[in-house]
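> What follows is a predicted protein model with its sequence.
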Amino acid sequence: MKLRARIKRALGRALVGVLPGEVLSSYRGPVIASGVVSLDAGITNAGLVVSDGQLVSIFKNSSYHFCEELGQQACAAHSHPNRPVQVVLYRAALDSSYEPTEIGLLSITLDGSAVDVQSSVFADARLLEFRTAILVFVSHKGNTNSSWIYFGALSGRKLDLKKISYDSAVPPQKNWVPFICDDRVFLEYSLAPHTVLELDVDSGRAVESASTHWEVPTRESLFLRGGAPAMKLKTGLYLGIGHSTSKRKPPDYRTFFYVFEGKPPFRVLRATRPLKLLTRSHRIQFVCGAILDEPGDELVLSYGVCDCDNFISRFRLSQVLGRMKDV
């Protein structure tokens, strides 16, 4: 039975589509070499934004990783069940080659009070330029049953967070993805159905704006979750990026792209099947950041690989849109 299951999984992976592209950089080597991070472990899940012409990134350094799947040696592996997970956030600037530089520990406050960043377990940053600020959205893992979403403005290497209030949700909550429409901040709370919240950035309170139903074009039974902040296309529609996970163990992570309306109710119109980025060999690919250059037909993605490394890769926007089907 085990052999049959392995063969079935291998055949399933072989049928998964691959989006071709080009790796521009990876974080693990230069970040470890910098000597700044506290753990020789996961360097991954980096949010990415362009602000004042500079590439700004926030990544996590985590004791939870699958570096062995990439052939990497690392300490504090997830295989130690009695060792608490440690997650620390760092800010980095990226140079013109997308290499991380100016790496520094992120100082975090929660409602103005200092947080012990070595034990706070904030993770998976999504970055958004809003008016004159960079807003950062993170999940606070705590334990499995208490995860929630926090956000705040980034100032240098300082981040002051507040908890998002949404009365219709209960913990655990992760992977709410922000986007901007008409100078207002919205959150993709759920992808299918596509449930969108509007966030009051002053109070931190979120209310439902709209919810519409659609189905990703695949016959597989998958969990669908948020990825990188959606970006507005010249057509006025938005390009969204999500990730899927298989329901089998260990789960397989893929990326899917979708286009939705540029105004409420934000109906999803077209989508790709869940795909692998560049290669089928990575079991986990988790997109947290994206940069769109529509005139140049380029889409740059920042994504974690096996909770170990973070890749910056370039893809053709036309290839992404060309793989979409009406939904």
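Looks like it arrived, so ask away. Numbering: from 1, shown residues only.

> And what about the residue most central in space within the chain, helix, strand or coil?
Centroid-nearest residue in the chain: Cys288, 2.3 Å away (criterion: Cα atoms, centre = their mean). What DSSP: H, G, I helix; E, B strand; the rest coil gives for Cys288 is strand.

> Touching, it and Ala228? I think so.
Yes. Between Cys288 and Ala228 there is a contact under Cβ atoms under 8 Å: 6.0 Å. All C-beta spots, glycine's among them, are computed from the backbone N, C-alpha and C.

> Thr279 is in contact with Val18, isn't it?
Yes. The criterion here is Cβ under 8 Å, and Thr279 meets it with Val18 at 6.6 Å.

> residue boundaries of the strands in the stretch 1-150 of the chain?
Applying DSSP state E, counting those that start in this stretch to the stretch 1-150 of the chain gives strands spanning 18-19, 22-26, 42-51, 54-62, 87-94, 100-105, 107-110, 113-114, 122-130, 133-140, 148-155.

> Now the third one: buried residues?
Of the residues in strand 42-51, those buried under the neighbour-count criterion (16 or more other Cβ atoms under 10 Å) are Gly42, Ile43, Thr44, Asn45, Ala46, Gly47, Leu48, Val49.

> and that strand with strand 54-62, angle?
Orientation check (axes from the mean of the first three to the mean of the last three Cα atoms, to 10 degrees): strand 42-51 against strand 54-62 gives 160 degrees.

> Off-centre distance for strand 42-51?
8 Å (Cα atoms, centre = their mean, to the nearest Å).

> The fifth one too?
Strand 87-94 has its C-alpha centroid displaced from the chain centroid by 14 Å (Cα atoms, centre = their mean).

> quick one, what contacts Val305?
Thr44, Leu70, His282, Ile284, Gln285, Phe286, Phe311 (Cβ atoms under 8 Å, 6 or more residues apart in numbering).

> Give me the residue ranges of the stretch 101-250 of the chain where confidence is low.
Scanning the stretch 101-250 of the chain for pLDDT under 70 picks out 142-144.

> try 50 this time
Filtered on pLDDT under 50, the stretch 101-250 of the chain yields no residues whatsoever.

> Do you have the helices of the protein handy? List them.
Applying DSSP state H to the chain gives helices spanning 2-14, 28-34, 317-322.

> where among these is the average confidence lowest?
Ranked by mean pLDDT, the helices of the chain bottom out at helix 2-14, with a mean of 50.

> Can you give me the distance of Arg184 to Gln285?
When distance is defined by Cβ to Cβ, to the nearest Å, Arg184 is 31 Å away from Gln285.

> neighbour-wise, which of the two wins?
Neighbours of Arg184 and Gln285, each counted by other Cβ atoms under 10 Å, are more numerous for Gln285; the result is 23 against 13.

> Could I get the contacting residues of the more buried one?
By Cβ under 8 Å, 6+ apart, the neighbours of Gln285 are His243, Tyr253, Arg254, Thr255, Lys276, Leu277, Tyr303, Gly304, Val305.

> of the residues you listed, closest to Leu105?
Checking those against Leu105 by Cβ to Cβ gives Gly304 as the nearest, at 19.1 Å.

> Please name the bridge partners of that closest one.
For Gly304, the beta-bridge partners under DSSP bridges are Phe286, Asn310.

> so who does it touch?
Going by Cβ under 8 Å, 6+ apart, Gly304 touches Gly42, Thr44, Asn45, Ala46, Ile284, Gln285, Phe286, Cys288, Asn310.

> related to what we said a few turns ago, and for Cys288 and Ala228, which residues touch both?
Leu48, Arg126, Ser302.

> Ala93: which of these is nearest?
Looking across the shared contacts of Cys288 and Ala228 and measuring by Cβ to Cβ, the closest to Ala93 is Leu48, at 11.1 Å.

> From Leu299, how far out is the closest one?
For Leu48 relative to Leu299 (Cβ to Cβ), the value is 12 Å.

> Now for these two: what residues contact both?
Ala290, Ile291.

> per-residue pLDDT, Ala76?
pLDDT, Ala76: 54.

> which ones are touching Val31?
Taking Cβ under 8 Å, 6+ apart, one finds Val37, Ile43, Phe59, Asn61, Tyr90, Ala92, Pro100, Ile103 in contact with Val31.

> mind redoing it with 7 Å?
Listed by Cβ atoms under 7 Å, 6 or more residues apart in numbering, the contact set of Val31 reads Val37, Ile43, Pro100, Ile103.

> number of nearby residues for the last one?
Counted with other Cβ under 10 Å, residues neighbouring Ile103 total 21.

> Distance-wise, check it relative to Phe59.
For Ile103 relative to Phe59 (Cβ to Cβ), the value is 9 Å.

> got any residues that touch both of the two?
Tyr90, Ala92.

> Name whatever forms a beta bridge with Leu275.
In beta-bridge terms (that is, DSSP bridges), Leu275 pairs with Thr255.
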